[in-house]
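J.: give me coordinates for this.
(one chain, ligands or ions: 1)
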Amino acid sequence: MKFFLDTADLAEIEEAASWGVLAGVTTNPTLYARTGGKLADFHNHIKRICEIVDGPVSAESVAMTRDEMIRDGRELAALADNVVVKLPTMIEGLAATKQLAAEGIPVNMTLCFTVPQAIMAARAGARYISPFVGRFDDISENGLAQLEDVVAAVNNYDFGHDVEIIAASVRSANHVAQAALMGADIATVPFAALKKCVQHPLTDRGLEAFLKDWEKVQNA
Ligand SMILES: O=P(O)(O)OC[C@H]1O[C@](O)(CO)[C@@H](O)[C@@H]1O
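T.: Numbers count the residues shown, from 1 in each chain. Okay, the predicted model is just below:
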C-alpha cells in the first residue's frame, strides 16, 4: 500500500515528504479552505504542492456540469505533470471522466461509497477511485466493510487501464492497517493520523530502556 497525505497544508506536506513514505497528496475544497487560501491563489497553491511531492496530487473541481468539469480538468492538468483531477462520482462526473481520460488526463473519482459507483467510475476511465471509510462510520455504518466490498469487486475485473483504489476519509491507524490487509492500493491519510501510523507504545518503551542502558555503559 502507498501512503498519500490528505491535506492542502504545505508545511505538513513538506514534513511528510521528508520521511520518505509520501507517494502522493489528495486535496479537496474543505482542505484548501482550511489553509485560509483564496480562490485566486488556488492554482498556484496546487502548483506548489506538485513541486514538493514526487507523485500524484489530486485537485478537485467544484463544477456541477460535465462541460465545466472538463474545462476545469484541463486547466488543473495544465498546472503540472503530476496533477490528478478529482471529480465527484455522479453522472456528470462520469461523463467528464470519460472525456478527460480520453485526453490522457488522470481522474480520481471521489465521494464514492458503493460497489456500483466504484465499478462505474472504473468503467468511465477513472485512474483512481476514492471510497470513503470514516463518513460511513460517522453514520454508524461499517466503513471498512464497505471499503472491503469495493476492493473485492474492483479486483474482479480488468478495466483495460490501471485503476488504483484510494482508501479515503481515513481517520485512524487502524483504518490504514485494515485497508492494507484488504489490499487497497493507497490510503490517503490526514497528517495527524499518518504520524500515529509510525507510533507504538512498545516502541517508546523499548527506546526508553535502550537509552537508560546506554547511560549505564557511558557511566561504567
Ligand atoms: O471524511 P473526511 O475525513 O472529511 O475525508 C474526506 C475525504 O475526501 C477526499 O476528498 C476523497 O478523496 C479526501 O481528501 C478525504 O479523504
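J.: and the spatially closest residue to His175 that is not a sequence neighbour, how many neighbours?
T.: Spatial nearest neighbour of His175, chain neighbours left out: Val133 (5.4 Å); criterion: Cβ to Cβ, 6 or more residues apart in numbering. Any C-beta I mention is one placed from the backbone N, CA and C, and that applies to glycine too. Neighbours of Val133 under the rule other Cβ atoms under 10 Å: 27.
J.: next one: Glu148
T.: When neighbours are defined as other Cβ under 10 Å, Glu148 has 18 of them.
J.: make sure it is actually in contact with Ala180.
T.: No - contact between Glu148 and Ala180 fails when scored by Cβ atoms under 8 Å: they sit 11.9 Å apart.
J.: centroid-nearest residue for the chain?
T.: By Cα atoms, centre = their mean, the chain has its centre lying nearest to Thr188, at 3.3 Å.
J.: run through who's touching the helix or strand containing that residue.
T.: Secondary structure from DSSP states H and E places Thr188 in strand 186-189. The contact list for strand 186-189 (Cβ atoms under 8 Å, 6 or more residues apart in numbering) reads 1-6, 23-24, 26, 128, 130, 164-168, 170, 175-176, 179-180, 197.
J.: and those, which of them are in helices?
T.: 175-176, 179-180, 197 (DSSP state H).
J.: most neighbours among those, which one?
T.: Neighbour max across the ones in helices among the contacts of strand 186-189 (other Cβ under 10 Å) = Ala179, 28 neighbours.
J.: I'd guessed it sits against Ala167; true?
T.: Yes - at 3.8 Å, Ala179 and Ala167 qualify as touching, with contact defined as Cβ under 8 Å.
J.: common neighbours of these two, please.
T.: The contact sets of Ala179 and Ala167 overlap at 133, 147, 187 (Cβ under 8 Å, 6+ apart).
J.: for those, give me TSV that also has distance to Glu208 and pLDDT.
T.: Formatted as TSV, these follow (distance: Cβ to Cβ, whole Å; pLDDT from 0 to 100):
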residue	distance to Glu208	pLDDT
Val133	33	98
Leu147	36	98
Ala187	29	98
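J.: out of those residues, which one sits closest to the ligand?
T.: Closest to the ligand out of these is Val133 (8.1 Å), distances taken as Cβ to the nearest ligand atom.
J.: which ones are touching that closest one?
T.: 143-144, 146-147, 167-171, 175, 179.
J.: out of the residues you listed, which are close to the ligand?
T.: For the ligand, the contacts drawn from the contacts of Val133 by Cβ under 6 Å from any ligand atom are 168-169.
J.: tell me which of the contacts of Val133 fall in strands.
T.: Counting by DSSP state E, the part of these found in strands is Ala167.
J.: buried subset of the contacts of strand 186-189 as a ChimeraX selection?
T.: Only the buried entries of the contacts of strand 186-189 go into this ChimeraX selection, using 16 or more other Cβ atoms under 10 Å:
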select :1,2,3,4,5,6,23,24,26,128,130,164,165,166,167,168,170,175,176,179,197
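J.: low-confidence bits of the protein, can you list those?
T.: Within the chain, the set of residues satisfying pLDDT under 70 is empty.
J.: then the strand holding Thr188 to PDB, C-alphas only?
T.: Only the C-alpha atoms of strand 186-189 are listed here, as PDB (Å, rounded to 0.1, in the frame of the first residue of the first chain):
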ATOM      1  CA  ILE A 186      -3.400   3.600  -1.400                       C
ATOM      2  CA  ALA A 187      -4.500   5.100   1.800                       C
ATOM      3  CA  THR A 188      -4.900   8.900   1.900                       C
ATOM      4  CA  VAL A 189      -4.300   9.900   5.500                       C
END
